[in-house]
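> show me how the following folds:
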Amino acid sequence: MKKILALLALGLSVSLVPFTAAAHGPSPQKVEKTITIKADPAKVWAIVKDFGGIHNWHPGVASTKVEKKGEETFRTLTFKDGGHVYEKLRSIDDASMKIKYEIIEGTLPLTDYNASMTVEKGDKPGESKVIWVGRFYRLYKINQPIQSGQDDETAVNAITGIFDSGLANLQKVAEGSK
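Here you go, the predicted model:
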């Protein structure tokens, strides 16, 4: 009788695995991009750490508005295509040349976005390596069927486009030509 109950319990638990796996919700997504810039790390870091100056180097950002609320710093980015995001600065670390921020709300097709940009010494003297990492979830948090434009691929493509165009123009700005 114990063997029958054990087999029944095992069979029941195995048959429920697909239901629990499907019920977990969306998987976290990550985009990580790196670029080498022919400029001194201190010069590149001065550009990157300016939380209110991203519109000076990112071609998709029309304007930046910075505001302080107590000890916290926020910025509103208005995109050239009409979208926007409201972001919170999490930290700026001059020693490790790393800035961290998160999106509080906005028009991008994603949620729970946290990111960092780090400037490191490049492989050659006078070079910098910039690493931009974003972690987030798609906008649609319920499982199948996923609404069009709110899926993982759409979210990853949005951040990839932002990172690629931003880093390419950061390189031009830091190297001295626009």
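> if we ignore the residues flanking it in sequence, what's nearest Lys121?
With sequence-adjacent residues excluded and distances taken as CB to CB, 6 or more residues apart in numbering, Lys121 is closest to Pro41, at 5.4 Å. All C-beta spots, glycine's among them, are computed from the backbone N, C-alpha and C.
> quick one, what contacts the one you found?
Met97, Val119, Glu120, Lys121, Gly122, Ser128 (CB atoms under 8 Å, 6 or more residues apart in numbering).
> helix or strand with the lowest mean pLDDT in the chain?
helix 2-22 (a mean of 48; mean pLDDT, DSSP states H and E).
> what residues does the next helix or strand after it touch?
The first helix or strand that comes after helix 2-22 along the chain, using DSSP states H and E, is strand 29-37. Under the contact criterion CB under 8 Å, 6+ apart, strand 29-37 has outside partners 44, 110, 122-123, 127-138, 152, 155-156, 159-160, 163-164, 167-168, 170-171, 174-175.
> from the residues you listed, which ones fall inside strands?
Of the positions in the contacts of strand 29-37, Leu110, Ser128, Lys129, Val130, Ile131, Trp132, Val133, Gly134, Arg135, Phe136, Tyr137, Arg138 sit in strands, assigned by DSSP state E.
> can you select the buried ones from these in ChimeraX?
To isolate the buried members of the ones in strands among the contacts of strand 29-37 in ChimeraX, using 16 or more other CB atoms under 10 Å:
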select :110,128,129,130,132,133,134,135,136,137,138
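> look up how far Ala115 lies from the spatially most central residue of the chain.
Nearest residue to the geometric centre of the chain (CA atoms, centre = their mean): Gly134, 2.3 Å. To Ala115, Gly134 is 4 Å away according to CB to CB, to the nearest Å.
> picking up where we left off before, pick out the most distant pair among the ones in strands among the contacts of strand 29-37.
Greatest spacing in these, by CB to CB: Ser128 and Arg138 (32.2 Å).
> count of residues packed around Lys68?
Neighbourhood size, Lys68 [other CB atoms under 10 Å]: 9.
> checking my notes, it in a strand, right?
Yes - counting by DSSP: H, G, I helix; E, B strand; the rest coil, Lys68 falls inside a strand.
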